[in-house]
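Visitor: Make a model of this:
(one chain, ligands or ions: 1)
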Amino acid sequence: MIHPHTELKPINPVIGFGVFATASIPRGTIIWTPDPLDRVLTRAELAVLPRALAFDLERYCWQRKDGRFVLAWDLARFVNHSCAPNCLTTEYGFEVVTRDIAVGEEITNDYADLGMQAHERFDCCCGEPDCRKVIVASDSDRFRRYWNAEAKAAMEEIPMVDQLLEQVLTQDVLQSLGMLERAVA
Ligand SMILES: [Zn+2]
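Guide: You can find the predicted model right below:
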C-alpha cells in the first residue's frame, strides 16, 4: 500500500502518469509496504496468464529478491524511475523516503533498486544531473552499497516521524522496527 498522501497525475504522453505528494512527506516515512491485496506471482504463474495481460505485467510488475513478481494493486505501480530517487527499498520489504518530499513533488524510485530482470533496459529521461541515460539491471551492482547506506540512514528516522502505514505493516516488519527503535534509543 502506498502512503495515503499521494495522488496520480498525468505528466506527458511519453512518461504517462506519475505519483505525486499531496502533503509534505518527511525523510524516514515508510512510503510503501506490501499488503494482502498486492498480487505476488511466480514466473510459472506469470507464464500461463492470458497474453493480453503481458503488456501491463511487463510494465507494472517488479521482481522481488526471492525471484517472485509483485503487481501492486494501488498507485504504487505508477511510481516512476529517477536516477536521483527520493525513495529506496529496504531489506525489510518496505520502501522508505530518503529525503524530504515537498507538496506536489513526484514520488520516485530507482528501478534498478527495485529489481529489474537481467534482460531489461530502458532509456531514461528523468532530467537529473547524474542521469544514467540507459538503465540496466547491473546498475544494482554499481549502486547497491550507496543505496543501502542511504536507506539505512533514512530508516533511523522511522521512529521520529508519523507512519501512516503502520497498521499495514506485517508482524515481521513491526518486529524489525522495534529492533530499530531500540538501536536508536
Ligand atoms: Zn535518469
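Visitor: contacting residues around Ile15?
Guide: 80, 125 (CB atoms under 8 Å, 6 or more residues apart in numbering). Glycine gets a C-beta too; all of them are placed from N, C-alpha and C.
Visitor: measure it to the ion for me?
Guide: 12 Å (CB to the ion, to the nearest Å).
Visitor: Check Val40 too.
Guide: 28 Å.
Visitor: just Trp62 next, same as before
Guide: 17 Å.
Visitor: can you check Glu95 too?
Guide: Glu95 sits 18 Å away from the ion, going by CB to the ion.
Visitor: Quick one: end-to-end distance for stretch 105-120.
Guide: End-to-end distance for stretch 105-120, by CA to CA, to the nearest Å: 27 Å.
Visitor: which parts of the protein sit against the ion?
Guide: Within the chain, the positions lying close to the ion (CB under 5 Å from the ion) are 83, 124, 126, 131.
Visitor: where exactly do the strands run in this protein?
Guide: For the chain, the strands defined by DSSP state E occupy 6-12, 16-21, 30-32, 39-41, 62-63, 69-71, 80-81, 87-89, 95-97, 108-109, 121-123, 134-136.
Visitor: So for the fifth one, mean pLDDT?
Guide: Going back to what we said before, that points to strand 62-63. Rounded to a whole number, the mean pLDDT of strand 62-63 is 86.
Visitor: Show residues contacting it.
Guide: Taking CB under 8 Å, 6+ apart as the rule, strand 62-63 contacts 69-70, 111, 114-117.
Visitor: Pairing partners for it, with directions?
Guide: strand 69-71 (antiparallel) (DSSP bridges).
Visitor: Tell me how far the strand it pairs with lies from the chain's centre.
Guide: Centroid separation for strand 69-71 versus its chain: 12 Å, with CA atoms, centre = their mean, to the nearest Å.
Visitor: rewinding a little: make CSV from the strands of the chain and add distance to Ala47 and mean neighbour count to it.
Guide: Output for the strands of the chain, formatted as CSV (distance: least, CB to CB, whole Å; neighbours: other CB atoms under 10 Å):
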stretch, distance to Ala47, mean neighbour count
strand 6-12, 30, 13
strand 16-21, 26, 18
strand 30-32, 26, 27
strand 39-41, 10, 14
strand 62-63, 14, 18
strand 69-71, 11, 18
strand 80-81, 26, 19
strand 87-89, 25, 26
strand 95-97, 27, 26
strand 108-109, 26, 22
strand 121-123, 22, 11
strand 134-136, 24, 15
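Visitor: closest to Leu53 out of those strands?
Guide: Across the strands of the chain, Leu53 has its closest neighbour in strand 69-71 (9.7 Å, CB to CB).
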